[in-house]
Every structure is written in structure tokens, then in C-alpha cells.
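> Provided below for reference: sequence and predicted model.
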Amino acid sequence: MRSVLTISIPEDKKKDLERRAKKAGKTVSAYVVSVLEMEKQMISEDELVAIVKEGMREHKAGKTKLLKSLKDLT
């Protein structure tokens, strides 16, 4: 089921949104939906900070390995 959402944005932002949608070959509605779906896949700043802190803890605990090349990953 679809519903209608009305938003107010400045004219320059509206034109930018329409330009981006056209470039993507989508309607403005489809473009906004696709951007929302992409945003769901993105990692949050808090999640990124937590991952980095965990990596730093592992490094200090000696659980990391210095690689000389990408071949060392296998």
C-alpha cells in the first residue's frame, strides 16, 4: 500500500532533487525511496567508532597481524 508524503523544501533543494532523480532515471518519489534504502545500509558514526575502538583494543592485546601485502590475507 502506498501513501502520500508532502514535504516543504527550499526551491534550490527541490531543483537539485529533481536533477538527481532525472540523472538516475527515476521519478522523484522513486529516487527518494532508493536514497532511503541506501541510507539503511550505511553504517552509523556510532557503529564505526565502536568498530575502531574494538580494533584498537585487539591491537593492544596483540591479536592483530602486520601484513606485508594483500597476499598475506589468505
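Arrived safely. None of the values given here were measured: they were computed from a predicted structure.

> send over the longest helix seen in the chain as CSV, restricted to the C-alpha atoms.
In the chain, with assignment by DSSP state H, the single longest helix is helix 45-60. Only the C-alpha atoms of helix 45-60 are listed here, as CSV (Å, rounded to 0.1, in the frame of the first residue of the first chain):
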residue,chain,number,x,y,z
GLU,A,45,29.0,7.0,13.0
ASP,A,46,28.5,5.4,16.4
GLU,A,47,28.9,1.9,14.9
LEU,A,48,32.1,2.9,13.1
VAL,A,49,33.5,4.4,16.3
ALA,A,50,32.7,1.1,18.2
ILE,A,51,34.4,-1.0,15.5
VAL,A,52,37.5,1.2,15.5
LYS,A,53,37.7,1.1,19.4
GLU,A,54,37.4,-2.7,19.3
GLY,A,55,40.2,-2.9,16.7
MET,A,56,42.4,-0.7,18.8
ARG,A,57,41.7,-3.0,21.9
GLU,A,58,42.6,-6.1,19.8
HIS,A,59,45.7,-4.4,18.5
LYS,A,60,46.9,-3.5,22.0
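
> do you know how far the most centrally placed residue in the chain is from K63?
Centre of the chain computed as the mean C-alpha position; nearest residue by Cα atoms, centre = their mean is M42, 3.2 Å away. Distance of M42 to K63, given as Cβ to Cβ, to the nearest Å: 27 Å. C-beta coordinates here come from the backbone N, C-alpha and C atoms, glycine included.
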